[in-house]
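J.: Model the structure of this input:
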Amino acid sequence: MSLINEVFFLKSNTKGLLFIVAFRVSAFFSKNFFLKIVGFPIRTVYKISVQWVLGIDISDTTIIGENFNVFHGHGLVINRQTVIGNNVTVRQNTTVGSAKDNGKSPVIGNNVNIGANSVVIGNITIGDNSLIAAGSVVLKDVPSNTVVAGNPAVVIKIMKVNE
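T.: Sure thing, here's the model as predicted:
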């Protein structure tokens with residue numbers, strides 16, 4: 001999917017749209033040493049505008065799939081080693097990262113929705129089509145098609161494939 005398609009997908013979410021455009025451009029200039037030098041001003045603007053002003057602390061080297069959707073964004077922190085699939089939505093005041101310095105970070109599948117004020121920590125996998133309820137603390141793998149909630153998060157519902 002191209003950036004144009006992502007712009008069309010996020011047209012009703014201004015902050016999410018601003019973030020993904022800035023992220024994709026900055027991420028392009030983080031691909032190799034030459035591009036990092038040429039794109040230094042762009043990457044600096046990204047860090048100042050997105051990370052400092054919008055409060056969305058996501059490194060431009062993070063692997064993020066298509067149609068990543070950020071709602072509100074403030075207090076959103078995602079570790080650069082996190083891998084995010086396609087069609088993932090993340091809300092404000094959420095942390096996705098490692099449990100230890102230089103530890104492994106979560107791998108988030110496709111079609112995952114992470115509620116506000118959630119924490120997803122450690123070397124875990126969030127399965128496809130899963131929903132993490134607001135305020136949850138996820139410390140273990142989440143199977144596909146599952147709703148989890150609580151601190152620590154527990155499975156509260158297994159969804160049918162077409163649910």
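J.: looking at this protein, which helix or strand is least sure?
T.: The helix or strand of the chain with the poorest confidence is helix 3-9; it has a mean of 81 (mean pLDDT, DSSP states H and E).
J.: mind checking how far it is from the chain centre?
T.: 17 Å (Cα atoms, centre = their mean, to the nearest Å).
J.: got the buried residues for that helix?
T.: Within helix 3-9, the residues that qualify as buried are 6, 9, counting by 16 or more other Cβ atoms under 10 Å. From N, CA and C alone the C-beta is placed, and that goes for glycine too.
J.: elements contacting that helix?
T.: The criterion is 3 or more Cβ pairs under 8 Å, 6 or more residues apart in numbering; DSSP states H and E, and the helices and strands that helix 3-9 contacts are helix 14-28.
J.: helices and strands around the helix it packs on, which ones?
T.: Using 3+ Cβ pairs under 8 Å, 6+ apart as the contact criterion, the elements in contact with helix 14-28 are helix 3-9, helix 40-46, strand 56-58, strand 69-71.
J.: What's the local residue count around residue 61?
T.: Neighbourhood size, residue 61 [other Cβ atoms under 10 Å]: 12.
J.: right, and it touches residue 80 too?
T.: Yes - under the contact definition of Cβ atoms under 8 Å, residue 61 touches residue 80, with a separation of 5.2 Å.
J.: CSV please, covering the helices and strands packed on helix 14-28 and showing distance to residue 149.
T.: Putting these into CSV (distance: least, Cβ to Cβ, whole Å) gives the following:
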stretch, distance to residue 149
helix 3-9, 27
helix 40-46, 34
strand 56-58, 24
strand 69-71, 18
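J.: Out of the ones you listed, flag the one nearest residue 106.
T.: The closest of those to residue 106 is strand 56-58. By Cβ to Cβ, the value is 13.5 Å.
J.: so where's the chain shaky on pLDDT?
T.: 1, 162-163 (pLDDT under 70).
J.: Try it again at 90.
T.: Under the criterion of pLDDT under 90, the regions of the chain flagged as low confidence span 1-16, 51, 72-74, 99-103, 160-163.
J.: Name all residues that make contact with the nearest residue to residue 134 once chain neighbours are set aside.
T.: For residue 134, ignoring the flanking residues on the chain, the nearest one in space by Cβ to Cβ, 6 or more residues apart in numbering is residue 115 at 3.3 Å. Counting by Cβ atoms under 8 Å, 6 or more residues apart in numbering, residue 115 makes contact with 91, 94, 131, 132, 133, 134, 135, 136.
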